[in-house]
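Q: Got a sequence here, can you model it:
(one chain, ligands or ions: 2)
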Amino acid sequence: MVVETVVVALWAMLPAYVPNNAAVLFGGGAPIDGGREWRGRRLLGDGKTWRGTAVGIAAGVALAIVLDAVQPAVSGATGFDIPGFPLAVGAALAAGAMLGDILASFLKRRTGRDRGAAFPGLDQLDFVVVSLLLVALVAPTWFRGVFLSEPLRLVVVLVATPLLHLVTNAGAYVLGLKDEPY
Ligand code: CTP
Ligand code: MG
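A: Ligands and ions are numbered 1, 2, ... in the order given. Alright, predicted model coming up:
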């Protein structure tokens, strides 16, 4: 069923969706690259901070713990085969999201883009792609059961994420939380 496919796919990625938003809200302070440059450009830039990264991962893991606790109830209420989140899964999804965002900044700096510059495609998918890769590596059984058993769920994630990303970032921009609407 289409609705179940969409619900399960997005539910499974929720711990990967919150870290970036938490980092925007609570980030700042010392940059991860310590101001270091490589080939005349910042390694990552001032937009990737220790605090933002730590708070982002913590927020994703905390959400995964809550979702895991309510999973039986949600599963029963909807009748959908939604997955739970063992700690390793929540941690991989959350850390993967932050890592994807950091790798994207690294690529942006290497391609001459200053902090805050847009990189269409990369901006919208960096975090889900690395989240999926990391969870596939760390928890292959979970990944197989959730995504490989029904690959359409992967398609849903790759199509819906850019849309969700655009909507939340436009919202954060309007609220004055973010400097750019992407
Ligand atoms: N942020 C943070 N730590 C992170 C990610 C984000 O502190 N690991 C905070 C920073 O204050 C950052 C804001 O969230 O400026 C917005 O995040 P993002 O758009 O990813 O960073 P940009 O400032 O746009 O920088 P970049 O061009 O490197 O993406
Ligand atoms: Mg940005």
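
Q: my read: L125 touches T161, true?
A: Yes: contact criterion CB atoms under 8 Å: L125 and T161 qualify, at 6.4 Å. For glycine as for every other residue, the C-beta is placed from the backbone atoms N, C-alpha and C.

Q: The two: who's more crowded?
A: Set side by side, L125 and T161 show more neighbours around T161, with 21 against 17, by other CB atoms under 10 Å.

Q: longest helix anywhere in the chain?
A: helix 50-78 (DSSP state H).

Q: which secondary structure elements does that one contact?
A: helix 2-26, helix 87-110 (3 or more CB pairs under 8 Å, 6 or more residues apart in numbering; DSSP states H and E).

Q: From T161, how far out is P181?
A: 17 Å (CB to CB, to the nearest Å).

Q: of all the helices and strands packed on helix 50-78, which lies closest to V156?
A: helix 2-26 (4.0 Å; CB to CB).

Q: residues of that closest one that come out buried?
A: 6-24, 26 (16 or more other CB atoms under 10 Å).

Q: partners of the helix or strand just after that helix in the sheet?
A: Next along the chain after helix 2-26, taking DSSP states H and E as the criterion, comes strand 37-38. In the sheet, strand 37-38 lines up against strand 41-42 (antiparallel) (DSSP bridges).

Q: Check whether the partner strand comes into contact with ligand 1.
A: No: interface with ligand 1: strand 41-42 contributes nothing (CB under 6 Å from any ligand atom), its closest point being 8.7 Å away.

Q: follow-up on the earlier one: now look at the longest helix of the chain and say if it contacts ligand 1.
A: Yes: Helix 50-78 lies within reach of ligand 1 by CB under 6 Å from any ligand atom, at G52, T53, G56.

Q: Contact residues of the chain facing ligand 1?
A: 23-24, 27-28, 45, 47-49, 52-53, 56, 98, 101, 105, 108, 115-117, 178.

Q: let's go with 5 Å and repeat that
A: Residues of the chain lying near ligand 1 by CB under 5 Å from any ligand atom: A23, V24, G27, G45, G47, K48, T49, G52, T53, S105, R115, G116.

Q: Can you give me the neighbour number for the fourth one?
A: Residues contacting G45 under the criterion other CB under 10 Å number 21.

Q: If anything else comes up later, I'll come back, but that's it for now.
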